[in-house]
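In: Everything below, folded, please.
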Amino acid sequence: MDLKTNYLGMTLKHPLVPSASPLSHDLDGLRRLEDAGASAVVMFSLFEEQLHLESEALHNLLDYGRESVSDVTSYWRELPNYASGPDRYLELINKAKETLELPIIGSLNCTSLGGWVDFAALIQEAGADALELNLYHIPTNPEASASEQEAQYIEIIKAIRAHVSIPLAVKLHPFFSSLPHTAQQLAQHGANGLVLFNRFYQPDFDLDTLDVAPRLVLSTSDDLRLPLWWTSILYAKIEADLAITSGVHNHLDVLKAMMAGACVAMMASELLRHGLGRIPIILNDLQRWMEEHEYESIQQMQGSMSHHNVRQPQAFERVNYMRVLHSYNEDPTGRLW
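Out: As a prediction, the model looks like this:
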């Protein structure tokens with residue numbers, strides 16, 4: 001049974017890839033992921049704000065006592081020449097590449113242009129096989145148009161592409177006025193892959209303290225449907241590899257992702273909830289299903305249920321919406337059928 005798939009120029013032994021999470025926070029965690037059978041791993045995200053904080057701290061350090069010890073501080077170069085990002089992140093990538101065979105995908109969580117663009121090049125130099133940009137930004141300014149928001153994303157991709165040559169994936173949210181157009185623009189400006197979708201962890205209100213409280217809710221298989229739908233629509237229309245993340249919990253979710261047109265199915269919540277032993281179980285279930293349904297390879301099924309290949313592509317759009325609404329029925333006893 002051939003489970004191989006191609007993603008970001010890499011040939012992976014199967015399509016199940018752990019996404020960015022605490023599971024990759026140290027070398028032992030990465031080693032456990034490799035031992036469990038992961039085909040690649042996306043590192044935990046390094047946030048733009050972390051780089052700003054470290055850069056500011058270094059700036060204050062270099063400025064301290066400058067006037068009183070000018071003959072000493074004159075030897076310091078200007079701040080932009082320093083690699084002021086978190087060294088531990090780079091060291092972890094470097095050690096992982098030295099000791100493991102697992103393909104490593106670095107992850108930057110960013111919203112704007114800044115000094116972290118240079119850090120992308122440092123991630124490449126550390127040995128990362130690819131880089132994932134997590135564009136986590138919620139527009140809140142009513143004066144900023146949709147086109148301005150999209151243009152900002154394009155500028156980020158162009159700036160990163162100018163600094164790195166390794167494959168570049170962009171993790172998107174679904175809230176664009178025209179997602180297909182935005183996806184096409186990102187691909188045309190240097191994105192080799194698109195990861196669908198970023199989950200916004202909406203805060204909750206604490207009515208006792210009258211404060212805004214963070215609330216982490218792990219995904220379920222129901223969360224698969226939105227990325228599944230858009231992957232099905234984008235398949236064969238965008239010159240970029242597609243990855244589904246959020247809602248991948250079992251072999252059926254992986255199969256659906258492949259049939260929609262994804263190259264890989266990324267997983268985090270299931271592994272955090274039930275442990276890394278889920279990886280070999282899901283792979284065994286995947287192979288068993290393929291044997292029972294006479295599939296010889298993953299590539300044979302990729303895109304088979306996409307908008308591009310189904311007999312009724314309108315089922316992905318308004319017809320599906322209408323069918324779902326009309327499928328609700330309730331008898332006098334309150335039972336649904």
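In: can you count the residues close to F200?
Out: By other C-beta atoms under 10 Å, the residues close to F200 number 11. Placement of C-beta: from N, CA and C, glycine included.
In: I would like the residues contacting the lengthiest helix in the chain, please.
Out: Counting residues, the longest helix in the chain under DSSP state H turns out to be helix 146-163. Residues from elsewhere that reach helix 146-163 (C-beta atoms under 8 Å, 6 or more residues apart in numbering): 110, 112-113, 117-118, 120-121, 124, 131, 133, 135, 137, 139, 168, 170, 176-177, 182, 185-186, 189-191.
In: among the residues you listed, which are in strands?
Out: Using DSSP state E, C110, L131, L133, L135, L168, V170 are the members of these that sit in strands.
In: State the distance from the closest residue to the last one other than its chain neighbours to S21.
Out: The spatial neighbour of V170 that comes closest, neighbours along the chain excluded (C-beta to C-beta, 6 or more residues apart in numbering), is A191 at 4.6 Å. A191 sits 22 Å away from S21 when distances are taken as C-beta to C-beta, to the nearest Å.
In: When those two are compared, which one has more neighbours?
Out: Each of A191 and S21 has its neighbours counted (other C-beta under 10 Å); A191 has more, 27 against 21.
In: Would you mind confirming that the more buried one is in contact with L172?
Out: No: look at A191 against L172 with C-beta atoms under 8 Å: they stay out of range, at 9.4 Å.
In: Could you give the number of residues near T99?
Out: Neighbours of T99 using other C-beta under 10 Å come to 12.
In: give me every residue that touches it.
Out: L27, R31.
In: and what of A183?
Out: Counting by C-beta under 8 Å, 6+ apart, A183 touches L172, L194, L234, I238, A240.
In: same check, this time on L23
Out: If you count contacts by C-beta under 8 Å, 6+ apart, L23 has them with G29, R32, L33, V41, F44, A268, L271, L272, L276.
In: Looking at those residues, which are in strands?
Out: In strands, judged by DSSP E, the following of these are found: V41.
In: Which ChimeraX command selects the buried ones in the contacts of L23?
Out: This is the ChimeraX syntax for the buried subset of the contacts of L23, where burial follows 16 or more other C-beta atoms under 10 Å:
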select :29,33,41,44,268,271,272,276
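In: Quick check: the farthest pair among the contacts of L23?
Out: By the measure C-beta to C-beta, F44 and L276 form the most distant pair in the contacts of L23, at 15.4 Å.
In: low pLDDT regions in the stretch 1-150 of the chain?
Out: Scanning the stretch 1-150 of the chain for pLDDT under 70 picks out 48-85, 111-112, 114-116.
In: pLDDT wise, what is E296 at?
Out: With respect to pLDDT, E296 has a value of 97.
In: Let me know whether it touches M1 as I believe.
Out: Yes: at 7.2 Å, E296 and M1 qualify as touching, with contact defined as C-beta under 8 Å.
In: what do the two both touch?
Out: Common neighbours of E296 and M1, using C-beta under 8 Å, 6+ apart, are M290.
In: Helices along the stretch 101-250 of the chain, start to end?
Out: Using DSSP state H, counting those that start in this stretch, the helices of the stretch 101-250 of the chain run over 116-125, 146-163, 179-188, 225-234.
In: Can I get those in JSON lines including distance to E101?
Out: Shown next, in JSON lines, are the helices of the stretch 101-250 of the chain (distance: least, C-beta to C-beta, whole Å):
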{"stretch": "helix 116-125", "distance to E101": "19"}
{"stretch": "helix 146-163", "distance to E101": "26"}
{"stretch": "helix 179-188", "distance to E101": "29"}
{"stretch": "helix 225-234", "distance to E101": "28"}
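In: hang on, the earlier thing: show me which of the contacts of helix 146-163 are buried.
Out: For the contacts of helix 146-163, a burial check counting by 16+ other C-beta under 10 Å picks out 110, 117-118, 120-121, 124, 131, 133, 135, 137, 168, 170, 182, 185-186, 189-191.
In: Tell me which residues touch P313, please.
Out: Residues near P313 by C-beta under 8 Å, 6+ apart: H307.
In: And it, how far from F44?
Out: From P313 to F44 the distance is 38 Å (C-beta to C-beta).
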